[in-house]
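Chemist: Got a sequence here, can you build the structure:
(one chain, ligands or ions: 1)
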Amino acid sequence: MSCTLNLKNILYKKDDKVLFEDITFDLGHKEKIAIVGANGCGKSTLLKLIVGLERPNKGEIYLFHNLVKDKNDYEKYRNDIGYLPQDVSSFFLSITVIEDIMFSLRVKGLNKDEAYTKSIEILKKLDILHLENRVIFELSGGEQKLVALSSILVNDPTILLLDEPTNALDEESEKKILNILNSLNKSMIIVSHHKTFIVNLTNTIYKLDNKLLIKI
Ligand SMILES: Nc1ncnc2c1ncn2[C@@H]1O[C@H](COP(=O)(O)OP(=O)(O)OP(=O)(O)O)[C@@H](O)[C@H]1O
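Modeler: Next up, the predicted model:
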């Protein structure tokens, strides 16, 4: 299977504590995997390493078969990766929901009408059209998570890296997200503690345990 992401022999230390010892892992083209593990074992940190928010002490990261080492390398893949952080409070770049969702589409060159139409479509898909003109920081945690997911999905990235995507969501919204993710033919890494959600999404589950990533 061709790969969208490869980690090779990753060693990573946080404040002198070894968090990952020797992680080697390939994410296949359109493969969906979940990562589980105890609180504090490093799941969120692993996603941050993949998107370049942290750098490994040793080892290599390849995106689409190209070694990525610094900001410039990552810049090339900005539109190819959709990263949802666990805490979305600092995710947003605009005041209102519609402005935030339209923002990256406008940066990509869509005109105002095109960006607005696409943004409305995704808000409808996630059942949050009623939030269109709301101020983001006044929304609940679950609502903010849905808006952040909308901002990611509207850009149609090749790889989705989602850290606790259902955290703070009610049952209805969780089902909706599950259906949407299941309908997408994309490479995905989902970090979650939510077993039912995971098994309904993928059979490929890795556990981060004792500084290693092991398929279970
Ligand atoms: N900004 C930070 N400064 C110092 N240590 C940090 C920071 N962020 C995370 N850590 C530490 O790094 C380790 C891994 O944290 P990480 O958030 O990656 O774990 P996790 O597996 O995602 O946890 P959880 O399941 O609770 O979300 C933890 O020991 C945590 O305390």
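Chemist: got a list of contacts for the one helix or strand residue 198 maps to?
Modeler: If you go by DSSP states H and E, residue 198 is part of helix 195-199. For helix 195-199, contacts defined as CB atoms under 8 Å, 6 or more residues apart in numbering pick out 34, 36, 166, 174, 178, 190, 192, 205. (Glycine included, C-beta is placed from N, CA and C.)
Chemist: likewise stretch 112-123?
Modeler: So stretch 112-123 is in contact with 97-98, 101-102, 105-106, 110, 129, 131-132, 150, 153-154, going by CB under 8 Å, 6+ apart.
Chemist: what separates that stretch from the chain centre, distance-wise?
Modeler: In terms of CA atoms, centre = their mean, to the nearest Å, the centre of stretch 112-123 is set 21 Å apart from its chain centre.
Chemist: Quick one: end-to-end length of stretch 179-198, please.
Modeler: 12 Å (CA to CA, to the nearest Å).
Chemist: for stretch 45-64, same thing?
Modeler: Note: stretch 45-64 ends 21 Å apart using CA to CA.
Chemist: in that stretch, what counts as buried?
Modeler: 45-52, 54, 56, 59, 61, 63-64 (16 or more other CB atoms under 10 Å).
Chemist: mind putting those residues in TSV, distance to residue 73 and pLDDT included?
Modeler: Below are those laid out as TSV (distance: CB to CB, whole Å; pLDDT from 0 to 100):
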residue	distance to residue 73	pLDDT
45	20	96
46	18	97
47	17	97
48	16	96
49	14	96
50	13	96
51	12	95
52	8	94
54	15	94
56	13	96
59	15	97
61	9	97
63	8	96
64	11	94
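Chemist: out of those residues, which touch the ligand?
Modeler: residue 45 (CB under 6 Å from any ligand atom).
Chemist: how about the strands of the protein, start to end?
Modeler: Here the chain has its strands, by DSSP state E, at 3-14, 17-28, 32-36, 58-63, 66-67, 81-84, 159-163, 187-191, 205-209, 212-215.
Chemist: Those: which one's closest to residue 139?
Modeler: Among those, strand 81-84 comes nearest to residue 139, with 15.5 Å by CB to CB.
Chemist: Show me which pair in the contacts of helix 195-199 is furthest apart.
Modeler: Maximum distance among the contacts of helix 195-199 (CB to CB): 18.2 Å, for 174 and 205.
Chemist: so which of the contacts of helix 195-199 are also by the ligand?
Modeler: Among these, no residue is within reach of the ligand (CB under 6 Å from any ligand atom).
Chemist: What's the PyMOL syntax to select whichever of the residues you listed are buried?
Modeler: Restricted to buried positions by 16+ other CB under 10 Å, the PyMOL selection for the contacts of helix 195-199 reads:
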select buried, resi 34+36+166+174+178+190+192+205
